[in-house]
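Colleague: here are the coordinates; sequence isn't available:
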């Protein structure tokens, strides 16, 4: 595994539960962001199965992103996710997540943290 990639330090079940509460996103949104089926997400949530390497890495990235959003926006992280982003060409960050572009949302947040104004 690439040392720059976040590691999942909690169970997938706990990670999925935290994502829903931290980001106020649906299980469907989480599944879309991870590029998996809602059924697979339900199986992970119940402990019936576990994500494999790439999916586990993406889940860790999404958890790390949610932590950064919580640090930056507190309880208003969902408002940032639902707002049009000039950095994303007018897309909302949640829309970028729904097409599996965690990287673009990470970049948009990094630009914001760095003080980049568009």
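Modeller: On my side now, so go ahead. On a predicted model such as this, the values are computed, not experimentally measured, just so you know.

Colleague: which residue, other than its chain neighbours, is closest to residue 17?
Modeller: Excluding its sequence neighbours, the residue lying closest to residue 17 (C-beta to C-beta, 6 or more residues apart in numbering) is residue 45, at 7.3 Å. Placement of C-beta: from N, CA and C, glycine included.

Colleague: so what does the helix or strand containing that neighbour touch, helix or strand wise?
Modeller: Element membership of residue 45, judged by DSSP states H and E, is helix 38-46. Helices and strands in packing contact with helix 38-46 are listed as helix 12-23, helix 27-34; criterion 3 or more C-beta pairs under 8 Å, 6 or more residues apart in numbering; DSSP states H and E.

Colleague: buried set for that helix?
Modeller: By neighbour count with 16 or more other C-beta atoms under 10 Å, helix 38-46 contains the buried residues 40, 41, 43, 44, 45.

Colleague: ok, which pair from those is furthest apart?
Modeller: In the buried residues of helix 38-46, two members sit farther apart than any others by C-beta to C-beta. They are 40 and 45, at 9.6 Å.

Colleague: ok, and the closest non-adjacent residue to residue 107?
Modeller: residue 87 (7.4 Å).

Colleague: what is the least confident helix or strand in this protein?
Modeller: Ranked by mean pLDDT, DSSP states H and E, the helix or strand of the chain with the weakest confidence is helix 12-23, at a mean of 88.

Colleague: hmm, who's touching that helix?
Modeller: By C-beta atoms under 8 Å, 6 or more residues apart in numbering, the list of residues contacting helix 12-23 from outside reads 8, 10, 25-27, 30, 41, 44-47, 50-51, 56, 59-60, 62-63, 66-67, 69-70, 77-78, 81.
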